[in-house]
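Trainee: this is a predicted model, with the sequence first.
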Amino acid sequence: MAEMDVSSGGSHKKGPGVKKAKKLSTRVDLTPMVDLGFLLVTFFVFTTTMQTSTAMNMNEPKDDNPEEQMKVKNSGAMTILLGKADQIYYYYGQLDPATLTEQFKSTNFKDIRKLILDKKKATPIDDLMYIIKSDSASTFKNAIDILDEMAISAVPAGHYAEVDMTPSEAMMIKETEAANGIK
């Protein structure tokens, strides 16, 4: 409970024959204000909308019919392999055993966006395809990060796909990681 003292210290004449005004204290009960405050807080809590979660749209294939699979030109394909310790390996087109060391390259998440954009600029959009493959030692975060890079680079849906890694690619990643000392 709060009290408010209103004293008259104003411009009354002082002197003989002037009666002094009786000083009364005014008391204001603020208990209903507390109730009102809680009602307002409750109202705003229940009527506000929390931040809505955003999700990325994924185009999934309708079925795995081999006759309906999309054919990709070697000149327009870029394969991105996700390894452990946030390492990314990539190659263009199809791997050729004769030029394996020149084709199979390594990068990280800082530089992959530039490579994606360079490939997008150099390739007609109808021929462009990014093939994403995750190693068993790769993390789920890396898979999400590479999909985010596709969205940031404005790669149209249907021009990238997640595919299972072949045993030869997994072996090349393990050999490269062993040679570079990545554990």
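Mentor: Perfect, thanks for sending it. Residues are numbered from 1 along each chain as shown.
Trainee: count of neighbours near residue 179?
Mentor: Residue 179 is flanked by 8 other residues according to other C-beta atoms under 10 Å. For every residue, glycine as well, the C-beta is placed using N, CA and C.
Trainee: from the chain's centroid, how far away is the helix or strand containing it?
Mentor: Assessed by DSSP states H and E, residue 179 sits inside helix 167-180. Here helix 167-180 is found 30 Å from its chain centre; the criterion is C-alpha atoms, centre = their mean, to the nearest Å.
Trainee: now do the buried residues in that helix.
Mentor: 169, 170, 172, 173, 176, 177 (16 or more other C-beta atoms under 10 Å).
Trainee: closest one of those to residue 133?
Mentor: Nearest to residue 133 among the buried residues of helix 167-180, counting by C-beta to C-beta, is residue 169 at 6.5 Å.
Trainee: contacts for the least confident helix or strand in the chain by mean pLDDT next, please.
Mentor: The helix or strand of the chain with the poorest confidence is helix 100-103; it has a mean of 77 (mean pLDDT, DSSP states H and E). For helix 100-103, contacts defined as C-beta atoms under 8 Å, 6 or more residues apart in numbering pick out 91, 92, 93, 95, 96, 172.
Trainee: neighbours of the fourth one, just the number please.
Mentor: Residues near residue 95, counting by other C-beta under 10 Å, number 16.
Trainee: for it, which non-adjacent residue is spatially closest?
Mentor: Computed as C-beta to C-beta, 6 or more residues apart in numbering, the closest residue to residue 95 that is not its neighbour in sequence is residue 103, at 6.0 Å.
Trainee: ok, that neighbour to residue 174 distance?
Mentor: Taking C-beta to C-beta, to the nearest Å as the criterion, residue 103 is separated from residue 174 by 17 Å.
Trainee: try residue 34
Mentor: In terms of C-beta to C-beta, residue 34 sits 68 Å off from residue 174.
Trainee: C-alpha coordinates for the longest helix anywhere in the chain, CSV please?
Mentor: Assignment by DSSP state H gives helix 31-47 as the longest helix of the chain. This file holds the C-alpha atoms of helix 31-47, laid out as CSV (Å, rounded to 0.1, in the frame of the first residue of the first chain):
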residue,chain,number,x,y,z
THR,A,31,-3.1,-2.7,-5.1
PRO,A,32,-5.4,-2.7,-8.2
MET,A,33,-2.4,-1.4,-10.3
VAL,A,34,-0.5,-4.5,-9.5
ASP,A,35,-3.4,-6.7,-10.7
LEU,A,36,-3.7,-4.5,-13.9
GLY,A,37,0.0,-4.9,-14.5
PHE,A,38,-0.2,-8.7,-14.3
LEU,A,39,-3.2,-8.7,-16.6
LEU,A,40,-1.3,-6.6,-19.2
VAL,A,41,1.7,-8.9,-19.0
THR,A,42,-0.5,-12.0,-19.4
PHE,A,43,-2.3,-10.4,-22.3
PHE,A,44,0.9,-9.6,-24.2
VAL,A,45,2.4,-13.0,-23.5
PHE,A,46,-0.6,-14.8,-24.9
THR,A,47,-1.1,-12.5,-27.9
